[in-house]
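Participant: Build me a model:
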Amino acid sequence: MGTPGFAVPSLNALIESEDEVVGVVTKTDKPQGRGQRIESPPIKILSQQYGIPILQPEKLKTEEFFNELKSFNPDLICVTAYGKILPKNILELPPRGGINVHASLLPKYRGAAPINWAIINGEKNTGITTMLMDEGMDTGDILLQHEIPIDEEDTGETLSERLSHIGAELLIQTIKLLKENKLSPIPQDHSKATYASMLKKEDGLIDWSKSAQEIRNSIRGTLPWPGAYTFLEGKNLKIYRAIVSLGQGKPGLVIISTRGTLRVATGAGAIDIHELQIEGGKRLPIEAFLSGRKIKEGIILSS
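Facilitator: This next block holds a predicted model:
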């Protein structure tokens, strides 16, 4: 069970393993992008290439879906970023239960966007957890964990890509140990749980009163969606890359605007913007952007 690109390495690893993938469950096809073209989830596309039966239920708590799932006679359900909580009758269907691949070091960052929030919150490390599934949101017993450092240049995109492959490896290792009866599930300490809610559009809006480091973390963590944005003379201005710099002034104040530098004051310090995109324009490095558009020093970027 999985949906986005993050789940693709896990499915690939299962396909290449000694076990049989008897079926795949993924979300329904959805309209995407400006043209709102109907697109299939990445997991569906991969499954079609291998001729694996695919189920795309709108709702999980129906007798029809349960009977379809039961017809596969699964020994084990593996879940990587499916996006829905499984009801009790489905979790109890396979003799081996369900294993979930989650992109955090549980019990920290339970929920839909653990990778993004780990970067936004300035964490130095994160990782992958495999766990036994229960009816809660990422509350099951821990099976295996793999910790990695978060690089200073990591974004939500780059960190997700790395973790997706680590998750696939840990899933195969978990299944191997499960077969050998060598796993010792560890209950989570629920008192230490934190949550990573699904990102909303407004989570990308830059609050210039925050520190330069906090703003840079938000720029990195909100990629690829919703992206960090502010407003320049009423127009949406997306910021893709920036570094922490020296400077002070009213939060949002453009301190320096030359051919190669766009420096903006924050609540503590300043940032130099390296890549950005104005509403209706192209994503550009700062040199190209400023050569085609003048931003006056002293102007305020607003929230």
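
Participant: Can you get me the start-to-end distance on stretch 272-289?
Facilitator: 14 Å (CA to CA, to the nearest Å).

Participant: what does that stretch rub up against?
Facilitator: Here stretch 272-289 makes contact (CB atoms under 8 Å, 6 or more residues apart in numbering) with 232, 235-243, 245, 259-264, 292-293. Where you see a C-beta, it was placed from the backbone N, CA and C, and this is true even at glycine.

Participant: Go through the helix ranked longest in the chain and flag the buried ones.
Facilitator: In terms of residue count, the longest helix belonging to the chain (DSSP state H) is helix 156-179. For helix 156-179, the neighbour count (16 or more other CB atoms under 10 Å) marks 156, 158-160, 162-168, 170-172, 174-175, 178 as buried.

Participant: Would you mark the buried spots in stretch 46-62?
Facilitator: Quick answer for stretch 46-62 (16+ other CB under 10 Å): 46, 47, 52, 54, 57, 60.

Participant: That should have said stretch 272-284, apologies.
Facilitator: 272, 273, 274, 275, 276, 277, 278, 284.

Participant: And the strands in the stretch 1-150 of the chain?
Facilitator: Here the stretch 1-150 of the chain has its strands, by DSSP state E, counting those that start in this stretch, at 24-25, 30-32, 37-39, 54-55, 77-80, 98-102, 125-132, 142-149.

Participant: between those strands, which gets nearest to residue 17?
Facilitator: strand 77-80 (10.5 Å; CB to CB).

Participant: Which residues does that closest one contact?
Facilitator: Here strand 77-80 has contacts from 1-2, 6-7, 10-11, 14, 86, 90-91, 93-94, 97-101, 133, 167, 171, 175, using CB under 8 Å, 6+ apart.

Participant: coming back round to it: buried ones among the contacts of stretch 272-289?
Facilitator: In the contacts of stretch 272-289, burial by neighbour count holds for 232, 237, 238, 239, 240, 241, 242, 245, 262, 263, 264, counting by 16+ other CB under 10 Å.

Participant: Parallel or antiparallel, list what pairs with the helix or strand hosting the fourth one.
Facilitator: Read it as residue 239. In this structure, residue 239 sits in strand 235-245 according to DSSP states H and E. Applying DSSP bridges, strand 235-245 is found paired with strand 228-232 (antiparallel), strand 270-278 (antiparallel).

Participant: how about TSV for those, with mean pLDDT added?
Facilitator: Formatted as TSV, those follow (pLDDT from 0 to 100):
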stretch	mean pLDDT
strand 228-232	98
strand 270-278	98
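
Participant: got the angle between the longest helix of the chain and strand 98-102?
Facilitator: Between the axis of helix 156-179 and that of strand 98-102 there is an angle of 150 degrees, by axes from the mean of the first three to the mean of the last three CA atoms, to 10 degrees.

Participant: next structured bit after helix 156-179?
Facilitator: Helix 156-179 is succeeded, C-terminally, by helix 212-221 (DSSP H and E).

Participant: related to what we said a few turns ago, ok and the strand holding residue 239 relative to helix 212-221, angle-wise?
Facilitator: 120 degrees.

Participant: Residues touching strand 235-245, excluding its own?
Facilitator: Residues contacting strand 235-245 (CB under 8 Å, 6+ apart): 206, 212-213, 215-216, 219, 223, 227-231, 263, 269-280, 283, 301.
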